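Chemist: Give me a model of this one.
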Amino acid sequence: MIQTLAVPALSSYHWLGIPIAVAGAVLLALGTLFQHKAVEDQDPAPGRAAGSMGGGRLRALLRKPAWLAGTALLAAAILLQLTSLRFSPLIVVQPIGAVALVVTTLATARMTRRSPGRRALTSVALCTGGVGGFVTVAAVSAQDVEINDRHLITILALLGAVLGALGAGFGLWRHRWGAVVFTAGAGILFGFVAALAKTVIARLFQGDFEWLSLTCLTGLVLAALSGTFLVQNAHTRGTPELVVAGLTVVDPLVAVTLAITVLGEADTAPPLAFLGFALAGATAVAGVILLATVKTAPATTSPG
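Modeler: Take a look at the predicted model:
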């Protein structure tokens, strides 16, 4: 039986994952904005916004510099996220992705030359404070663990069930799915991508990279491609703020759940830490919900 090797999160160089994850979140926000602009320019008519992302539309996007630039930024964001997972536990760095929501809000306000408003700034403050609190608690109480076969098999089995459910749902009800459903599905898959990336990287540095690790790598690629496909469909149905908000809630929620329940990164955390996790997480979620409400206000409320 493999013994679990627990290493405190802030020991040695582990803290380096935090600024790397912040940089990745910034690139994630910018990449999402670029891609959304390209999709929006391709389908300016509201009546076409509900169309699915087919092969012809994807080929058209491949000729758009804005979409290619967004894809490059997202690829860089993924590389930074993978690097951060090399240094820090998943439970520490994954929630930092919520910084992308802050960047998206401020960048959109600058692009539209419209002030975010007091409620939007309040939501950004709640999101930032909640994520900052969560990461702080996780950094002092989480542990980096040795990844064993049981971890890999459990995550792969759960991913198989999720892919099966999403595939069946897409085949039966894709024309009824809105941006929220596509974004939620992508967020779930990206949460698994983060968890699988953590396991693959850990096994590589443990010197225990074999067929099961290769299977996890295959699952990671499949989940990433499927999640990317769902995100592109979400762009045709919703705003970039909605897409980023959904991803920055669902993705960390799934990844942190896997980190706690499957990988055991919080096994040594005191009970008070879980109270901190709950309060900080609730604060961040409240900020995202408030921001989503603010973003729909301009379309339905006349000024002054």
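Chemist: Helices of this structure, residue ranges please.
Modeler: For the chain, the helices defined by DSSP state H occupy 17-42, 55-61, 65-87, 90-93, 99-112, 118-141, 149-173, 179-206, 211-235, 240-258, 271-300.
Chemist: Those helices: lowest mean pLDDT?
Modeler: Among those, helix 55-61 has the lowest mean pLDDT, at a mean of 66.
Chemist: about what we covered before: so of the helices of the chain, which one's packed in deepest?
Modeler: helix 90-93 (a mean of 31; mean count of other Cβ atoms under 10 Å). All C-beta atoms are positioned from the backbone trio N, CA, C, and that covers glycine.
Chemist: so what secondary structure elements neighbour it?
Modeler: If you count contacts as 3 or more Cβ pairs under 8 Å, 6 or more residues apart in numbering; DSSP states H and E, helix 90-93 packs onto helix 17-42, helix 65-87, helix 118-141, helix 179-206, helix 240-258.
Chemist: Check what contacts the second one and list those residues.
Modeler: If I follow you right, that is helix 65-87. 13-18, 20-21, 23-25, 27-28, 30-39, 41, 61-62, 93, 96-97, 194, 197-198, 201, 205, 224 (Cβ atoms under 8 Å, 6 or more residues apart in numbering).
Chemist: any idea how far Gly117 is from the residue sitting nearest the centre point of the chain?
Modeler: By Cα atoms, centre = their mean, the chain has its centre lying nearest to Asp251, at 3.9 Å. Using Cβ to Cβ, to the nearest Å, Asp251 is found at 26 Å from Gly117.
Chemist: before we move on, back to that, okay, the helices and strands packed on helix 90-93 in CSV with distance to Ala168 next?
Modeler: Listed next are the helices and strands packed on helix 90-93 as CSV, based on distance: least, Cβ to Cβ, whole Å:
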stretch, distance to Ala168
helix 17-42, 26
helix 65-87, 27
helix 118-141, 33
helix 179-206, 12
helix 240-258, 19
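Chemist: Of all these, which one is nearest Leu172?
Modeler: The stretch from the helices and strands packed on helix 90-93 with the least distance to Leu172 (Cβ to Cβ) is helix 179-206; that distance is 12.3 Å.
Chemist: tell me how far that closest one is from the chain's mean position?
Modeler: The chain centroid and the centroid of helix 179-206 are separated by 8 Å under Cα atoms, centre = their mean, to the nearest Å.
Chemist: so what secondary structure elements neighbour that helix?
Modeler: On a contact count with 3+ Cβ pairs under 8 Å, 6+ apart, helix 179-206 meets helix 65-87, helix 90-93, helix 149-173, helix 211-235, helix 240-258.
Chemist: one more time with 6 Å, if that's ok
Modeler: helix 65-87, helix 149-173, helix 211-235, helix 240-258 (3 or more Cβ pairs under 6 Å, 6 or more residues apart in numbering; DSSP states H and E).
Chemist: between the third one and helix 65-87, what angle do the directions make?
Modeler: With axes from the mean of the first three to the mean of the last three Cα atoms, to 10 degrees as the basis, helix 211-235 and helix 65-87 are set at 140 degrees to each other.
Chemist: quick check: angle from helix 211-235 to helix 149-173?
Modeler: Going by the same axes, to 10 degrees, helix 211-235 makes 30 degrees with helix 149-173.
Chemist: who's in contact with helix 211-235?
Modeler: Applying Cβ atoms under 6 Å, 6 or more residues apart in numbering, the external contacts of helix 211-235 come out as 36, 39, 52-53, 152, 156, 159, 179, 182-183, 185-186, 189-190, 192-193, 196, 199-200, 203, 243.
Chemist: One more pass at 7 Å, please.
Modeler: The contact list for helix 211-235 (Cβ atoms under 7 Å, 6 or more residues apart in numbering) reads 35-36, 39, 52-53, 149, 152, 156, 159, 163, 179, 182-183, 185-186, 189-190, 192-193, 196-197, 199-200, 203, 243.
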